[in-house]
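J.: Prediction below, plus the sequence it came from.
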Amino acid sequence: MDLSDWFLTAAERGNPASDLPGWCVGNRVAPLVHGATYFDHLVTEVEALKRGDYVFFTDWRGDPDEKLRDDGPTIAELFCNAARRGVVVKGLVWRSHLDKFAYSEEENQHLGEAIEAAGGEVLLDQRVRMGGSHHQKLVVIRHPDAPDRDVAFAGGIDLCHSRRDDSSHRGDPQAVRMSKRYGEHPPWHDVQLRLQGPVVGALDTTFRERWNDPAPLDTLSPIAWIQDKLRGADLSPGRLPPQSADPPPCGKHAVQVLRTYPDAHFEYDFAPHGERSVARGYTKAVGRARRLIYLEDQYLWSKRVAGLFAKALRDNPDLHLIAVVPRYPDVDGRLALSPNMVGRQQALDACRKAGQERVHVFDMENHDGTPVYVHAKVCVIDDVWACVGSDNFNRRSWTHDSELACAVLDEAGLFARDLRLRLLREHLDRAADGSEDDGLVEPETVVDVVAASARALDAWHAGGRRGPRPPGRLRPHRPERMGPLTRLWAVPLYRMIYDPDGRSYRARIKNEL
């Protein structure tokens, strides 16, 4: 396989200011499905660190009291204990909007304060475009004297409440507020990657570029700057330990690190005109799709993203699209709900217009019938190229917020295929060992198998839930429709607030990524 057929070349990435390598070979990558699985791995790795080792993390939200296992430790305890042992602990967490708007300003602040009291350092980072956020979810763990033990975790799972769910999808005992339709403990579906090998060095570089950027931590709000000064917040990044050499090769996976940084009102030192390699990476890979695009996404918004899939469907009459999305938005209330519905309705309408019966959209529920909130950001194309990250399929993630994703290739395509099969086995209640994979392996048959399972479950509900519940957790997705009067105000609100464009006006005029 010529990796440049699928991965971006240096010129295609479009950001020569970064020290990030084009891609890394010789890696071992494993998908960690569910927050409970990821958190368990994270505890094992961090608790094994000793003096002189280091751990870096970035996050959108961090809840210090979130338990990583039933009996702990909490997130704060895990990192604080490491810092007390002499481990170098450094974190970058989005400064966030106010808690009264259902964000996480206080939680992120308290996590940083706890870790700093233990000897680590966590910065609240507001170096974003107006209305944007730092959305990357990354942990990098290095052992300078044992590089073969280095590991990184990247994907869609934040270090916060609601994420510690498992395959039963009963939800995290420590839950965030969401739409009442998801219940008191919203079931949560998510995916993170465990990465070993040279790619850990590339992810280490990604953290260091943000940490060492000379722009002030709070570039947007003088009031916030004053508040931080009054409470004695750390506004000056400390020195990082020297970067270790890349870990030795340990596997057969090639990984390309993809990112989004906006073309902001200030310049990132490592991305003076922003970076949109997430968008460019997807554009290149989707353009090569011939048989099956399988994706899971929290939003699946945006005309631009839908246009990419629609073009692929028009150009390839044998191509099918399977998408797994949340049944409902994560919020209640008319003012919040309607703009959430706009983007998906536009995206699905565009895809269905191009692909008609070749577009298959499903949502999830647990065995009690409670909807599962799909927070995963996963894409598998033709069982060759797979990508897991923090980015959603919308314009905000592709241009406006900071995002991080890892695209994976291997010679036999086993990683991409096995990731898709692993997810579908759970969604269809098939054996995890692959002994019941009939109809799931070949892209030509999987569509019929998944659709039949979803129809059977839907029919069982429609029939009053009489008799045994059919196997499977997917149902056909039926988005709520909006009336023309609602669209008049919801569409512009969606475009300006929910799915903004982080490109420069120059790029917008030329319609460039």
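T.: All right, it came through fine.
J.: need the helices for this protein, in chain order.
T.: With DSSP state H, the ranges of helices along the chain come out as 10-13, 35-47, 75-84, 105-117, 199-211, 222-230, 277-286, 303-315, 334-355, 395, 414-427, 443-462, 484-493, 505-510.
J.: Least reliable of the ones you listed by average pLDDT, please.
T.: Mean pLDDT values for the helices of the chain show the minimum at helix 222-230, a mean of 64.
J.: sorry, back to before: ok, which of the helices of the chain comes nearest R469?
T.: R469 sits nearest to helix 443-462 of all the helices of the chain, at 6.2 Å, using Cβ to Cβ. (Each C-beta comes from the backbone N, C-alpha and C, glycine too.)
J.: That closest one vs helix 414-427, what angle?
T.: Compare the direction of helix 443-462 with that of helix 414-427 by axes from the mean of the first three to the mean of the last three Cα atoms, to 10 degrees and you get 20 degrees.
J.: residues in contact with helix 443-462?
T.: Contact partners of helix 443-462, identified using Cβ atoms under 8 Å, 6 or more residues apart in numbering, comprise 291-292, 320, 322, 360, 362, 369, 382-383, 424, 427-428, 438-440, 466-467, 469-476.
J.: one more time with 6 Å, if that's ok
T.: By Cβ atoms under 6 Å, 6 or more residues apart in numbering, the surrounding residues in contact with helix 443-462 are 291-292, 320, 360, 362, 428, 439-440, 470, 472, 474-476.
J.: Would you convert these into JSON lines that also reports distance to D349 and pLDDT?
T.: Output for these, formatted as JSON lines (distance: Cβ to Cβ, whole Å; pLDDT from 0 to 100):
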{"residue": "R291", "distance to D349": "24", "pLDDT": "97"}
{"residue": "L292", "distance to D349": "21", "pLDDT": "98"}
{"residue": "H320", "distance to D349": "18", "pLDDT": "97"}
{"residue": "H360", "distance to D349": "15", "pLDDT": "96"}
{"residue": "F362", "distance to D349": "17", "pLDDT": "97"}
{"residue": "L428", "distance to D349": "27", "pLDDT": "98"}
{"residue": "G439", "distance to D349": "29", "pLDDT": "97"}
{"residue": "L440", "distance to D349": "29", "pLDDT": "97"}
{"residue": "P470", "distance to D349": "29", "pLDDT": "98"}
{"residue": "G472", "distance to D349": "26", "pLDDT": "98"}
{"residue": "L474", "distance to D349": "21", "pLDDT": "98"}
{"residue": "R475", "distance to D349": "20", "pLDDT": "98"}
{"residue": "P476", "distance to D349": "16", "pLDDT": "97"}
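J.: Sort out which of those residues are buried, if you could.
T.: Buried members of the contacts of helix 443-462, scored by 16 or more other Cβ atoms under 10 Å, are R291, L292, H320, H360, F362, L428, G439, L440, P470, G472, L474, R475.
J.: of all these, which two lie farthest apart?
T.: R291 and P470 (27.3 Å).
J.: Quick one, which of the helices of the chain gets closest to T58.
T.: Nearest of these (Cβ to Cβ): helix 199-211, 6.3 Å.
J.: Tell me how far that closest one lies from the chain's centre.
T.: 17 Å (Cα atoms, centre = their mean, to the nearest Å).
J.: again with stretch 502-513
T.: That offset, for stretch 502-513, works out to 24 Å (Cα atoms, centre = their mean).
J.: Of all the residues in it, which ones are buried?
T.: G502, R503, S504, A507, L513.
J.: Mind putting these into CSV with distance to K252?
T.: Below are the buried residues of stretch 502-513 laid out as CSV (distance: Cβ to Cβ, whole Å):
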residue, distance to K252
G502, 35
R503, 36
S504, 40
A507, 37
L513, 30
